[in-house]
Every structure is written in structure tokens, then in C-alpha cells.
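Trainee: Here is the input, now give the coordinates:
(one chain, ligands or ions: 2)
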Amino acid sequence: MSEADCLFCRIVAKEIPAEIVYETDRVLAFRDVNPQAPTHVLVVPRGHYRDAAALAAADHGLADEVIKAAHAVAEQEGIAEPGYRLVFNTGPAAGQTVFHVHGHVIGGRDLRWPPG
Ligand code: 5GP
Ligand code: ZN
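Mentor: Ligands and ions are numbered 1, 2, ... in the order given. Okay, the predicted model is just below:
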């Protein structure tokens, strides 16, 4: 499943370059082009789902794989300890701008909570 005009489908298809840091048969992780912390990686299913809710509704196993991949990225980046943030902005009011579900793995600095 892919959408021709979807930015992250095009990254998955390698039509747009990205710095890929982790991949499995169903998941891809690449650095955010505008990082908000020393580590800022986006983790996406290769298939197209508009947001985390759509992904979880369609394929629980794949949602699980995305979360596990996010943790593998955090370990690889050396931020699993002391900790990192995993964020799925869901919908425009939450700041979602790319409607292909992605988890932000953010860390490597002190993170405030609530994020504002
Ligand atoms: P959202 O606001 O939808 O939660 O996050 C979208 C993220 O995608 C943003 O953090 C933005 O910097 C990132 N982004 C937008 N365009 C590109 C791109 O072409 N390549 C990469 N690697 N990241 C992108
Ligand atoms: Zn897509």
C-alpha cells in the first residue's frame, strides 16, 4: 500500500533521499530533516496509514513492530538509557503535518514535560 503523493511513501520507495538508520522488512527509520534534539529519528511502517490510530486499527502486529523498532533505534543511538521520547502526533491540532504515520524518537538532551 502506498500513495504516490505521500512524502514518506516516496522515502520508503527511495525516490527521495533520507539518512536511513534502521530497517526491517516492514519498518523504516530515518533521521528527521529538521532535528529537534541530538537524536531525532522518524520510524514508519513501509505501508501507508494516515496516523497511529489507523495503523493500530488495521494491523496490531505492525503497530507493535513500529514501537519495537523505535526502541531498537534508541538503543542503537545510545539513548535508551537514560531515556527518550516516542511521539506520534495524531491529527492537525497535535502538529501532524505528514499523514503517513511516524513515531518521532527524540533524545540526547533533557526533555521537558509537558512539551507545550
Ligand atoms: P509531524 O509534524 O507530522 O509529526 O512530523 C513530520 C516530520 O517530518 C517533521 O519533524 C519534519 O521535520 C519531518 N520532515 C518533513 N519533510 C521531511 C523530509 O523530506 N525528510 C525527512 N527526513 N524528514 C522530513
Ligand atoms: Zn505514505
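
Trainee: how about the strands in this structure?
Mentor: For the chain, applying DSSP state E gives strands covering 20-23, 27-31, 39-45, 85-87, 103-107.

Trainee: would you turn the ones you listed into TSV with mean neighbour count and mean pLDDT?
Mentor: The way it works is simple: take the backbone N, C-alpha and C, and place the C-beta from them, glycine included. Below are those laid out as TSV (neighbours: other Cβ atoms under 10 Å; pLDDT from 0 to 100):
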stretch	mean neighbour count	mean pLDDT
strand 20-23	16	98
strand 27-31	21	98
strand 39-45	23	98
strand 85-87	17	97
strand 103-107	24	98
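
Trainee: Give me the distance between residue 107 and residue 8.
Mentor: Applying Cβ to Cβ, to the nearest Å, the value for residue 107 to residue 8 is 21 Å.

Trainee: which bits of this structure sit near ligand 1?
Mentor: Counting by Cβ under 6 Å from any ligand atom, the residues of the chain close to ligand 1 are 7, 16, 18, 30-34, 42, 89, 95-98.

Trainee: Type out the ChimeraX command that picks the buried ones from those residues.
Mentor: To isolate the buried members of these in ChimeraX, using 16 or more other Cβ atoms under 10 Å:
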select :18,30,32,42,89,96
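
Trainee: Mark which of the residues of the chain next to ligand 1 are part of helices, please.
Mentor: Secondary structure from DSSP state H places residue 7 of the residues of the chain next to ligand 1 in helices.

Trainee: Out of the residues of the chain next to ligand 1, which two sit at the greatest distance?
Mentor: Using Cβ to Cβ, these span at most 21.4 Å, a distance reached by 16 and 95.

Trainee: what helices or strands is the biggest helix by length in the chain leaning on?
Mentor: Ranked by residue count and defined by DSSP H, the top helix of the chain is helix 60-77. Counting contacts by 3 or more Cβ pairs under 8 Å, 6 or more residues apart in numbering; DSSP states H and E, helix 60-77 is packed against strand 20-23, strand 27-31, strand 39-45, helix 52-58, strand 85-87, strand 103-107.
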